[in-house]
Structures are given as C-alpha cells and as structure tokens.
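**Q** here's my sequence, what's the structure:
(chains A and B)
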Amino acid sequence: GAVVSQHPSRVICKSGTSVKIECRSLDFQATTMFWYRQFPKQSLMLMATSNEGSKATYEQGVEKDKFLINHASLTLSTLTVTSAHPEDSSFYICSAARLSPYNSPLHFGNGTRLTVT
Amino acid sequence: EDQVTQSPEALRLQEGESSSLNCSYTVSGLRGLFWYRQDPGKGPEFLFTLYSAGEEKEKERLKATLTKKESFLHITAPKPEDSATYLCAVQAIVRQAGTALIFGKGTTLSVSS
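**A** All right, here's what the predicted structure looks like:
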C-alpha cells in the first residue's frame, strides 16, 4: 500500500490565489522530504528539500517566496504556491525516505495536478 | 554535473516481444541507481535499486542491470499491463541519508495485444 500520501490530487484555482499541498509519510518518520515538479513528457525536476524543523533548501531558479515549504512534523510537509499564475500549472510530487534501513528507496506520493486559470 | 539520459523516449512492443530500456548516467560518486514505473497522472512507483556495477535484480518480467556508465531494464515477454513510463534516477554519495534523486526523462512503453 501507499507509504506517502499527497493531498489534494487535483486542484483548480484562479490566478492570484494560493494553494496548499500536503505530503504525509504514513507509517514512518521522515526528517527529509522532497518536492518535485513535472511538466508533460518531461522529467521530474527537484524544487526543494524540506527538512523537519528547519528552513527548506531550494534548487537554483525556484523562488522560495513563491513556493513556501513547511515541514512542521516528522510526517508532514506542505507546499504552498502563493499568488499562483497559469505558468505554475503543473504536476507537483512529493517524496520521502525512511531513515532506517539506510538504503531505503524514496517513496513518492501520487502527485497533485495544479491548474491555474 | 550529475546527469541521466534515457533511451529510447518511446517504445512500442507487441505482447511477448522482449526488449531493453537504456539509462546512461554521469554522477560524482554513485550511491544508488533507481528504476521507477509511472502511470499517467500518478507518482512514481519504486521498482529496483542497484548499488554497484555487475549487480542485477529481477521482479516478474523485469530485470535491471548496472555497469559503471549505464543501466538496462530488460522486459521479457511483456504484457499490456506493463505499459507505463519507466524512469531511471541516480542518487549521489552524500554525507546524510535521504538525498534527492536526479531523474531521466523516462521511456514510455506501450505494449499491444
């Protein structure tokens, strides 16, 4: 069964509004979670690394004031797209890894399809 | 710069027609190479992790192999339900656990009956 839950699966919002996406690790603690964005027929591109209890680390070119990440607990990270615009429409996917065993693979949520009108 | 290149971009097979998908990579110290399956509108589903050259892993009709420069995903006698996009990703050696993966663009496999 799913080990990483992402909500909502789809969201449509108007330009200028904000949208929050939740990512939960269901049966393990994840001090680190990752947020990716995927455009049609493109690879998953890492946006940011979310660390529990500290500030997220953003990849080059990703606006930290636009994509707000909060990792408030060991099982929950949230991504808020602020003042969304049509170009922010994309498929957003989170992932998390168990810390033990050390070589655990990253598990992914089922993604959130964001459409900004 | 760490990079992953997958080929072909798309592959059409008849049911039962075996083939291989390629993943070439360059990474500053490989911690692991991962294969995922992604269905339309879904997140990637974990298939395999390979850690060192010469390693092989199998799961049903899929077999993954690894060399120092590339990995292959062999599909034996595929079925229509194997149709999906197969993603290859690498993870570099890091000081701490849980480092992000670098993905290729994927190979979209279509298997017709």
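**Q** which residues of chain A fall in strands?
**A** Assigned by DSSP state E, chain A shows strands spanning A:4-7, A:10-13, A:19-25, A:32-38, A:44-51, A:57-58, A:67-73, A:76-81, A:90-97, A:106-108, A:112-116.
**Q** swap in chain B?
**A** When assigned using DSSP E, the strands of chain B occupy the ranges B:3-7, B:10-14, B:19-26, B:30-38, B:45-50, B:56-59, B:62-66, B:70-75, B:84-92, B:102-103, B:107-112.
**Q** show me the contacts for residue B:51.
**A** For residue B:51, the contact set (C-beta atoms under 8 Å, 6 or more residues apart in numbering or on different chains) comprises A:103, B:30, B:31, B:32, B:33, B:66. C-betas here are computed from N, CA, C, even on glycine.
**Q** what do you get for residue B:22?
**A** Going by C-beta under 8 Å, 6+ apart, residue B:22 touches B:6, B:7, B:8, B:70, B:71, B:72.
**Q** now stretch B:64-72: buried residues?
**A** Residues of stretch B:64-72 classed as buried under the neighbour-count rule (16 or more other C-beta atoms under 10 Å in any protein chain shown) are B:64, B:65, B:66, B:70, B:71, B:72.
**Q** the fourth one and residue B:21 touch, don't they?
**A** Read it as residue B:70. No: taking contacts as C-beta atoms under 8 Å, residue B:70 lies outside contact range of residue B:21: 10.6 Å.
**Q** residue B:68 touches residue B:55, doesn't it?
**A** No: no contact is recorded between residue B:68 and residue B:55 when judged using C-beta under 8 Å, the distance being 11.4 Å.
**Q** out of the strands of chain B, the one nearest residue A:32 is which?
**A** The closest of these to residue A:32 is strand B:84-92. By C-beta to C-beta, the value is 12.6 Å.
**Q** where does the chain dip in pLDDT?
**A** No chain in the question, so chain A it is. Applying pLDDT under 70 to chain A flags residues A:1-2, A:99-104.
**Q** I was thinking of chain B, sorry if that wasn't clear
**A** Where chain B drops into low confidence, which here means pLDDT under 70, it does so at B:94-98.
**Q** just to revisit the earlier point, only whichever of the contacts of residue B:51 are buried, select them in ChimeraX.
**A** Under the burial definition 16+ other C-beta under 10 Å, those of the contacts of residue B:51 that qualify are selected in ChimeraX by:
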select /B:30,31,32,33,66
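**Q** for the strands of chain B, which one sits closest to residue A:89?
**A** Taking C-beta to C-beta as the criterion, residue A:89 comes closest to strand B:30-38 out of these, the separation being 19.0 Å.
**Q** tell me what the closest one is packed against?
**A** Other helices and strands packing on strand B:30-38, by 3 or more C-beta pairs under 8 Å, 6 or more residues apart in numbering or on different chains; DSSP states H and E, are strand B:19-26, strand B:45-50, strand B:62-66, strand B:70-75, strand B:84-92.
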